[in-house]
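**Student:** Take a look and give me a structure for this.
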Amino acid sequence: MFVDVVINSPLKNRFTYIVPPDIEIEVGQRVIVPFGKRELVGYVVELKKEFKETDFKLKEIKRVLDEIPLFGKREIELAKWIASFYLCSEGEALSNMIPSGRRALNYKLTTQKDYKPITLTDNQQGVVDNILQSDEKLHYLYGVTGSGKSEVFLKIAEKIIEKGKEAIYLVPEITLTHQLAQQVATRFENKVAILHSHMSPSQRLKAYQQIREEKVKLVIGPRSAVFAPFKNLGLIIIDEEHENSYKSGSKPRYHARQVAQMIVTKEKDAILLMGSATPSLESYHMVQKQKIVFHSLLDKVAGGSKADIEIVNMIKEKSLLSKKLRSAIKDTLDQKKQVILFLNRRGFSHYFHCNSCGYEMSCPHCSVSLTYHKYRNQMVCHYCGKTQSPIDVCPNCNSLDVGYGGFGTEMVEQEVGLYFPNAVVERLDTDAAQDRKSIGTLLERFKNGEIDILLGTQMVAKGLNFPFVDLVGIVLADSGLNLPDFRAQERTFSLIVQVSGRTGRYNDFGKVVVQTFHPDNSAIKLATRQMVDEFYKEELGNRKLTNFPPYSRLINFVIRGKNKEKSRLAIESLEKEINKVIGKVKGKVDLMGAVSCPIEKIAGSWRYHILLRGEDIRDLLQIATHVDNNFKVGSSLFLEIDVDPLNLL
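**Tutor:** So this is what the prediction gives:
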C-alpha cells in the first residue's frame, strides 16, 4: 500500500510513501513522514495500491497521528481550490484548515442558563420566511444597527438545524465570538463549538473532532471557522460582512466570504447569509447586479429611534474634547447614563518632533513614526514592536525645543480624567486588554453600569449592545482618511455608522458627536446623516471612474528583503516577467507600479510592489500562476502574491 501526502510547505507536489504492513491508514489522517533530513507532519490525501517504479527509493511513513480521519474528500477538494485561487500549496491550505494539536483537550464553554425564546417582529419573521422558502443560495441582510439581525441569523440557524443540518456563524472579532457563544449554547442544547486561533491547538483539535463526530450542530468563530468539517452543512452566516478581518493577512491569503461562497455552491441545499449595516462595496454591487438576494430591516427592535448626530469642526477647538462633546458627556453622566468614546489610534501621542530642525523619530526598522505610550514610558512601533526610551533633546540638532504631536487613546483617557474626575473611566484597546478574559470582564462591568465612560479603538465599534449608552463621541473621525488607499472613504463611512449605532438602541435619547478637521468630507457628512444609499451610489461612481473594485479585480505582488537595492532590482525584473506574459491573456490587464510600497519598510525589510488590474480574475490568475511557478527571487528576498487585496499599504 502507498499513500500520497501533502506537506505544510510552499512545495506544490504530492509526495508518495510506503505504508508499513503493521500500520492501518485512511485518507484524512495526519502522519509523521521522513522529509529530507527531518521528520514532518503530512496529510494523507490519497491511497494507492500500486506505484510506478522510480530511480529513487520510496520511504516509509513513521507513524499515524490520528485514530480517526480529521478531514475528508470535501476538505481535500476545498484545499485544491484554495491552492489554485490564492496561489499556495495544497499542504499550506490543509494546514490552515486543520488544528495542529497532538491530543485533544477539553474546552469548556460557560453558558447563560436563562434563555427565553424571543418573539420576532413581523419584519424579522418576514425575512426569516423569505430566506427559508427561497431556492437561491446567496442572501444579504441589510439592517440598521439595533434592528435585530443577530436574532434573524439565529432563528434561521435553528430552523436549518431542525432539518438535521448544521450551521457556521462567522463573526469578525474573537471577543464577539465568546459573547455570542455564551448566549446561544443553551438555546442549541449545548451542541455549540467555538473555533478560533487563540485556543490552544489541542483545544481546537477537540472541537474539530466533535464536529467530525457530529456532536456539534453550530460552530461560532472568526474567519478560520469557515473550515469547520461538517458533513451535512446547511448554512454559513457572515455577520458584519464588511469587516477587513475576514481576509487573512498571511499565506494562504484567503477571504472567508469567497471561501464560504465556494463551499455553499458545492454543498446541496446550503445557503450563505451575510449581513451588515454597512455592506462592503463588493457585496453591495453584487446585490445591485442581482447576484445576491437582498433583505432589509429598517426599524430598531427595541423601539429606539435614529441617534441625533452632530458634527464638530475641530479647527478652532483648544482641547481634544470639544466644548460640544464635553457638554454632552456632562449631560449624559448627570442623567446616570453611559458614554462610549471612540478613537482609532492607540498610545498617548502619535509622533516625536523637533521644532527647530523638523526631525521626527521614526522606527529604525519601519517607515513609520514611533508612538509614545505614557503608561509604559516608551516609544513603540505599532508595526514591528520595536521600543525605545523617550528623549528630551533632538538627536539631530541637539535642540531642546522638542515635543510630541498627534494623540491616541491614552491622551484622551488623561483628558477625560481631568474634565470628569468623578467618572469611572476605562480604556479598551490592545494595550489595555491583554487577553480575552480581561476584555470580557471589562465589557461585563460596562454592561452592569459599573463604568461611566468606555474609551477605545475598533474594539468598541461593533457588535456591542449596551442599553444604558446614550452618548457616543467619535474623538477624531479623520484618522483613516489620509491613508493612500482607494478604500479610505468606505472605511471612514463604515466606522462612523457602526460606532454611531452603539447608542439610541432602546430609547429616543441617543446622541452622537463626531469631531473632525474635515467637516465637508463626503464620507463624514453622509455617514452622520445616515444616508447609506447616497454614499454607496457616490462611491461606486468614483470607483467606476477610476476602475477600482468592484469594477475590476486586483492582484498585488510584493517583494521584500533586507537589502534595498536587491529588492528594487527584483521588482524591476518581475515587471519585465509580467510584461512578457501579459499579452497572452484574452482580457485587458493593467500593470501599475514596480514602485516602493506606501509603507516602504517594515521590520527591517524594504518593500516594493506591482499591482495587476483587470476585469476578469481568470486573466489575472493566469499571469499570477505563471509568476508563482516561474519567477524566482533571490535567497534573501520574499515574494508575496495577494489575490483581491484589502490592504495596499
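
**Student:** how about the CA coordinates for the strand or helix carrying Ser202, as PDB?
**Tutor:** In this assignment (DSSP states H and E), Ser202 forms part of helix 201-212. The C-alpha trace of helix 201-212 is given here as PDB (Å, rounded to 0.1, in the frame of the first residue of the first chain):
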ATOM      1  CA  PRO A 201      -4.100  23.600  19.200                       C
ATOM      2  CA  SER A 202      -5.200  20.800  21.400                       C
ATOM      3  CA  GLN A 203      -8.400  22.600  22.300                       C
ATOM      4  CA  ARG A 204      -9.100  23.300  18.700                       C
ATOM      5  CA  LEU A 205      -8.500  19.600  17.900                       C
ATOM      6  CA  LYS A 206     -11.000  18.600  20.500                       C
ATOM      7  CA  ALA A 207     -13.700  20.900  19.000                       C
ATOM      8  CA  TYR A 208     -12.700  19.800  15.500                       C
ATOM      9  CA  GLN A 209     -13.100  16.100  16.400                       C
ATOM     10  CA  GLN A 210     -16.500  16.800  17.900                       C
ATOM     11  CA  ILE A 211     -17.700  18.400  14.700                       C
ATOM     12  CA  ARG A 212     -16.400  15.500  12.600                       C
END
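
**Student:** what's that helix packed up against?
**Tutor:** strand 192-194 (3 or more C-beta pairs under 8 Å, 6 or more residues apart in numbering; DSSP states H and E). From N, CA and C alone the C-beta is placed, and that goes for glycine too.

**Student:** And the helix holding Ser202, how far out from the chain middle?
**Tutor:** 22 Å (C-alpha atoms, centre = their mean, to the nearest Å).

**Student:** Now do the buried residues in that helix.
**Tutor:** Within helix 201-212, the residues scored as buried using 16 or more other C-beta atoms under 10 Å are 201-212.

**Student:** next one: stretch 10-27
**Tutor:** Neighbour counts using 16+ other C-beta under 10 Å place 14-17, 19, 25, 27 of stretch 10-27 among the buried residues.

**Student:** cool, and stretch 628-643?
**Tutor:** Buried residues in stretch 628-643, counted by 16+ other C-beta under 10 Å: 628, 631, 633, 637, 639-643.

**Student:** what's the answer for stretch 521-531, then?
**Tutor:** By neighbour count with 16+ other C-beta under 10 Å, stretch 521-531 contains the buried residues 521-528, 530.

**Student:** want to try a markdown table for the residues you listed, with secondary structure as columns?
**Tutor:** Listed next are the buried residues of stretch 521-531 as a markdown table, based on DSSP: H, G, I helix; E, B strand; the rest coil:
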| residue | secondary structure |
| --- | --- |
| Asn521 | coil |
| Ser522 | helix |
| Ala523 | helix |
| Ile524 | helix |
| Lys525 | helix |
| Leu526 | helix |
| Ala527 | helix |
| Thr528 | helix |
| Gln530 | coil |
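
**Student:** possible to save those residues as a markdown table with pLDDT and distance to Thr441?
**Tutor:** Converted to a markdown table, the buried residues of stretch 521-531 look like this (pLDDT from 0 to 100; distance: C-beta to C-beta, whole Å):
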| residue | pLDDT | distance to Thr441 |
| --- | --- | --- |
| Asn521 | 93 | 37 |
| Ser522 | 95 | 40 |
| Ala523 | 94 | 35 |
| Ile524 | 94 | 34 |
| Lys525 | 95 | 38 |
| Leu526 | 95 | 37 |
| Ala527 | 93 | 32 |
| Thr528 | 91 | 33 |
| Gln530 | 86 | 33 |
